[in-house]
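Participant: Predicted coordinates and the sequence they were generated for:
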Amino acid sequence: MKAFIIDRYGKKDPGRIGDIPEPALRDDDVLIQVHAASVNPLDAKIKRGEFKLILPYRFPLVLGNDVAGKVVRVGARVRQFQPGDEVYARADVDRMGAFAEFIAVKASSLALKPANVSMVEAASLPLVALTAWQALVETAKLKSGQNVLIHAGSGGVGSIAIQLAKHLGAGVATTTSTANISFVKALGADVVIDYKQQDFSTVLRDYDVVLNSLDSDVLHKSIQVLKPGGHLISISGPPTPTFAAARALPWPIRQAVRLLSHGIRRKAKQKNVEYTFVFNRADGAQLQQITTLVESGAILPVVDKVFSFDDTVQALAYSDSGRAKGKVVLRVR
């Protein structure tokens, strides 16, 4: 099968399309014929080697964490899916490879594709929607009447998180550039901070939750907008000792993680707020709940650009530029 492959970490290897064997099918796997796969900032970070200490992949490595397609075969223990089913998933983190003609995914990571969206739109959803769900529903336990600040509201995670937070009944503030103010308002944002004109930390106060996807400076300033007992959640790091322990990382890496996150954890404790690092995971049951929200119209996919599979290098570069409104998607089939 054809796949987009990198042979080493770093910016100098642009990646290539090559032929590799179809993935082996385990008893609890589903083999999917990939119709579309979306591009995430995570792909570029993995490509550069930014996660090599906590995600030890082998080369040649097939990139791609989001997939939508049709079931081709199922493993011996799989009962809930059958050939011909239209499905979507966030690929299992230790077996990513959606930039390919076929991918094997655990049945427990899969959900039926929302019936009211295309394969391209479906492929745009799993990673960002699961990230938003695991941050706002699972971790923050966001409730109706609470207020949440979602940074980078026009991005992949932000555009879905705004919609999910509004569905949950929360008041939503977001940060974005001047050009995207009307876009994030249309998604449901109640308060919009133009980061080119305003400093969010001097405008907002007494928020229950902040979802950060930006740099360390924004992360530290975000503590100032939280009320006592509030919750600062970051998907861009630094990871915490709790995360390192859950991943069963080697002792030296756990110590490095402890040092990296010491500053923000100490500052959060001083301000009487909680700090949590969220690294999204595949979860078919959560994705099925997201399917229900998509089919009801509560969450709409947000696709900026669609690239052909042959243009994967360009798609990765565009996604990594930070200019995308919503998601970048590869049409594989």
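Facilitator: Received the coordinates, thanks. Residues are numbered from 1 along each chain as shown.
Participant: Assign a three-state SS to Ala129, would you?
Facilitator: Of the three states, Ala129 takes helix according to DSSP: H, G, I helix; E, B strand; the rest coil.
Participant: which SSE is the nearest residue to Val294 once chain neighbours are set aside in?
Facilitator: Using CB to CB, 6 or more residues apart in numbering and skipping the chain neighbours, the partner closest in space to Val294 is Pro114 (4.0 Å). Quick note: C-beta positions are derived from backbone N, CA and C, even for glycine. According to DSSP states H and E, Pro114 maps onto no helix or strand at all.
Participant: and what of Val120?
Facilitator: helix 119-123.
Participant: Now for Pro241, how many residues are close by?
Facilitator: By other CB atoms under 10 Å, the residues close to Pro241 number 18.
Participant: Just confirm it contacts Gln255, I think it does.
Facilitator: No - with contact defined as CB atoms under 8 Å, Pro241 does not count as touching Gln255 (9.0 Å).
Participant: Please enumerate the helices of the stretch 1-150 of the chain.
Facilitator: Using DSSP state H, counting those that start in this stretch, the helices found in the stretch 1-150 of the chain span residues 41-48, 119-123, 126-133.
Participant: Need the contact partners of the last one.
Facilitator: The reference is to helix 126-133. With contacts defined as CB atoms under 8 Å, 6 or more residues apart in numbering, helix 126-133 is touched by 38, 40, 42, 65-67, 88-90, 156-157, 159-161, 164, 211, 235, 278, 280-283, 286-287, 289-290, 299, 327.
Participant: What's the mean pLDDT across it?
Facilitator: Mean pLDDT, computed over helix 126-133, is 98.
Participant: The first one too?
Facilitator: On average, the pLDDT along helix 41-48 is 92.
Participant: Make residue 1 into 498 and carry on from there
Facilitator: Taking 498 as the first residue, the last one we looked at is helix 538-545.
Participant: Centre of the chain to that helix, how far?
Facilitator: Its chain's average C-alpha position is 12 Å from that of helix 538-545, according to CA atoms, centre = their mean, to the nearest Å.
Participant: Can you give me the distance of Ala620 to Glu583?
Facilitator: 11 Å (CB to CB, to the nearest Å).
Participant: between the two, what contacts are shared?
Facilitator: Ala565.
Participant: Show me what counts as buried in stretch 772-781.
Facilitator: 772-777, 779-781 (16 or more other CB atoms under 10 Å).
Participant: now, which of the residues you listed sits nearest Arg570?
Facilitator: Nearest to Arg570 out of these is Gly781 (CB to CB; 17.5 Å).
Participant: Ala620 and Glu583 - which one has more neighbours?
Facilitator: For Ala620 versus Glu583, the count of surrounding residues by other CB under 10 Å is larger for Ala620: 33 against 16.
Participant: residues contacting the more buried one?
Facilitator: 532-535, 563-565, 585, 595, 826-827.
Participant: among those, which two are most distant?
Facilitator: Greatest spacing in the contacts of Ala620, by CB to CB: Tyr585 and Leu827 (13.8 Å).
Participant: Comparing the two, which residue is more hemmed in?
Facilitator: More crowded of Tyr585 and Leu827, by other CB under 10 Å: Tyr585, with 32 against 26.
Participant: Look up the residues forming beta bridges with that one.
Facilitator: Taking DSSP bridges as the rule, Tyr585 bridges to Ala565, Ala608.
Participant: wait, what's in contact with it?
Facilitator: 563-566, 607-608, 610-611, 619-620, 622-623, 784.
Participant: Please render these as CSV that adds distance to Phe680 to the earlier fields.
Facilitator: Output for the contacts of Tyr585, formatted as CSV (distance: CB to CB, whole Å):
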residue, distance to Phe680
Asp563, 22
Val564, 26
Ala565, 24
Gly566, 29
Leu607, 31
Ala608, 27
Lys610, 25
Pro611, 22
Ala619, 21
Ala620, 21
Leu622, 18
Pro623, 22
Leu784, 25
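Participant: Not counting sequence-adjacent ones, nearest residue to Asp563?
Facilitator: Ser535 (4.0 Å).
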